[in-house]
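Undergrad: coords below, sequence missing:
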């Protein structure tokens, strides 16, 4: 994940692994690897929405909470991108803007329906909380070098 797809955030690496490990046995078997890569590299928008939501739902309760958003933004934002003297204020501001754009039912957390609606309206929201999918060039390079 780190070298091939440039997914460097430990939180996302663990969550991607958990998403690939469908039988939750702490091992990704060949079938799980192939099915995971299928969505990861070439999944439909609906498949990738489901995948990204699962990665972002850190505690698996079916919602992306404020705490989860905070944790992901804190981990994924580079310190160079934060301009305020108080980095927590930058993260809080970004979290509030994101919730305003995505939290359609205004309950202070994102349900799958909220997330899906926001992404279908603006595909850039798919990775709103950090990089959990490879960029197109990395995916193509992987496919060209792996699948002969």
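TA: That came through fine. Everything numeric here is computed off the predicted structure, so don't read it as measured data. Residues are numbered from 1 along each chain as shown.

Undergrad: alpha carbons only for contacts and neighbour counts from here, please
TA: Noted.

Undergrad: Would you mind finding the longest helix in this structure?
TA: Longest helix in the chain by number of residues (criterion: DSSP state H): helix 87-102.

Undergrad: who does the helix or strand following that helix touch, helix- and strand-wise?
TA: Using DSSP states H and E, the helix or strand that follows helix 87-102 in sequence is strand 110-111. Counting contacts by 3 or more Cα pairs under 8 Å, 6 or more residues apart in numbering; DSSP states H and E, strand 110-111 packs against strand 63-64.

Undergrad: quick one, what contacts residue 67?
TA: For residue 67, the contact set (Cα atoms under 8 Å, 6 or more residues apart in numbering) is empty.

Undergrad: gap between it and residue 49?
TA: According to Cα to Cα, to the nearest Å, residue 67 and residue 49 sit 20 Å apart.

Undergrad: about what we covered before: who touches the longest helix of the chain?
TA: Outside helix 87-102, the residues that touch it by Cα under 8 Å, 6+ apart are 66, 69-70, 73-74, 82-84, 106, 108-110, 114-115, 117-118, 128.

Undergrad: Which positions in that helix come out as buried?
TA: Residues of helix 87-102 classed as buried: 90-92, 95-96, 98-99, 102 (neighbour count, 16 or more other Cα atoms under 10 Å).

Undergrad: Please compute how far it lies from its chain's middle.
TA: 16 Å (Cα atoms, centre = their mean, to the nearest Å).

Undergrad: Give the buried residues for the helix or strand containing residue 137.
TA: Under DSSP H and E, the secondary-structure element containing residue 137 is helix 136-146. Neighbour counts over helix 136-146 (16+ other Cα under 10 Å) mark residue 139 as buried.

Undergrad: What of stretch 8-19?
TA: 9, 11-13, 15-19.

Undergrad: And for stretch 113-124?
TA: Applying 16+ other Cα under 10 Å to stretch 113-124 flags 114-119 as buried.

Undergrad: Same question for stretch 16-32.
TA: Quick answer for stretch 16-32 (16+ other Cα under 10 Å): 16-22, 28, 32.

Undergrad: Give me the contacts around it.
TA: 33, 35-36, 51, 54-55, 132.

Undergrad: Residue 7 contacts residue 132, doesn't it?
TA: Yes. Residue 7 is within contact range of residue 132, at 6.6 Å (criterion: Cα atoms under 8 Å).

Undergrad: that older thread, JSON lines please, covering the buried residues of stretch 16-32 and showing pLDDT, distance to residue 59 and secondary structure.
TA: Below are those laid out as JSON lines (pLDDT from 0 to 100; distance: Cα to Cα, whole Å; DSSP: H, G, I helix; E, B strand; the rest coil):
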{"residue": "16", "pLDDT": "94", "distance to residue 59": "13", "secondary structure": "helix"}
{"residue": "17", "pLDDT": "95", "distance to residue 59": "14", "secondary structure": "helix"}
{"residue": "18", "pLDDT": "95", "distance to residue 59": "11", "secondary structure": "helix"}
{"residue": "19", "pLDDT": "95", "distance to residue 59": "12", "secondary structure": "helix"}
{"residue": "20", "pLDDT": "96", "distance to residue 59": "16", "secondary structure": "helix"}
{"residue": "21", "pLDDT": "97", "distance to residue 59": "16", "secondary structure": "coil"}
{"residue": "22", "pLDDT": "95", "distance to residue 59": "16", "secondary structure": "coil"}
{"residue": "28", "pLDDT": "96", "distance to residue 59": "20", "secondary structure": "coil"}
{"residue": "32", "pLDDT": "97", "distance to residue 59": "21", "secondary structure": "helix"}
